[in-house]
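Asker: sequence? don't have it. structure:
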């Protein structure tokens with residue numbers, strides 16, 4: 001018997017995408033930007049995500065390096081070339097929840113972890129809607145409703161923008177969890 005893993009979903013994890021010095025620089029920069037409530041975060045969480053306003057969060061050097069990582073991802077998964085088009089930051093405090101969501105009108109999305117604790121993770125939700133209705137005797141990679149990835153400071157995740165993600169209604173346990181996200185088209 002041969003089992004085929006049809007239609008895999010490419011999620012790239014890049015540890016140490018930025019240096020510790022760059023991480024501290026970005027953490028300070030994000031703290032000094034006005035953040036507002038956003039519908040994807042409940043509780044004490046704030047974001048600069050606003051399609052009518054942009055903030056220059058990334059330095060040219062960091063942006064160029066992230067673009068190079070995005071270029072490699074696109075080649076690896078067979079995407080057309082894409083360019084980082086929109087960057088924002090999120091700050092979550094204890095008890096906040098990043099709700100399940102996706103990023104429409106984009107090809108690839110990225111999340112760069114700036115200030116997270118050792119228990120930080122991001123949930124990705126199975127894009128197959130029928131998985132939720134199937135009878136399961138055992139959980140396997142073929143019937144999981146979601147899967148989480150641990151993330152550390154300096155980690156960059158790249159993934160298809162249509163892939164739903166969030167902390168699966170799990171409350172944030174730390175003060176000032178900071179993530180810089182971007183979309184590419």
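Answerer: That came through, no problem. Since the model is a prediction, treat every value here as computed from it, not as a measurement.
Asker: quick one, strands of the chain?
Answerer: Chain-ordered strands for the chain, with DSSP state E as the definition, fall at 12-14, 41-42, 45-47, 84-92, 97-98, 108-115, 121-125, 146-150, 156-160, 165-166, 177-184.
Asker: helices along this structure, start to end?
Answerer: Counting by DSSP state H, the chain has these helices, from start to end: 20-31, 60-77.
Asker: could you dump the ones you listed into CSV and include mean neighbour count, distance to residue 6 and mean pLDDT?
Answerer: (Each C-beta comes from the backbone N, C-alpha and C, glycine too.) Listed next are these as CSV, based on neighbours: other CB atoms under 10 Å; distance: least, CB to CB, whole Å; pLDDT from 0 to 100:
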stretch, mean neighbour count, distance to residue 6, mean pLDDT
helix 20-31, 16, 38, 98
helix 60-77, 15, 15, 98
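Asker: out of these, which comes closest to residue 153?
Answerer: The closest approach between residue 153 and any of the helices of the chain, judged by CB to CB, belongs to helix 20-31 at 5.9 Å.
Asker: packing partners of the closest one?
Answerer: With contacts defined as 3 or more CB pairs under 8 Å, 6 or more residues apart in numbering; DSSP states H and E, the secondary structure elements packing on helix 20-31 are strand 84-92, strand 108-115, strand 177-184.
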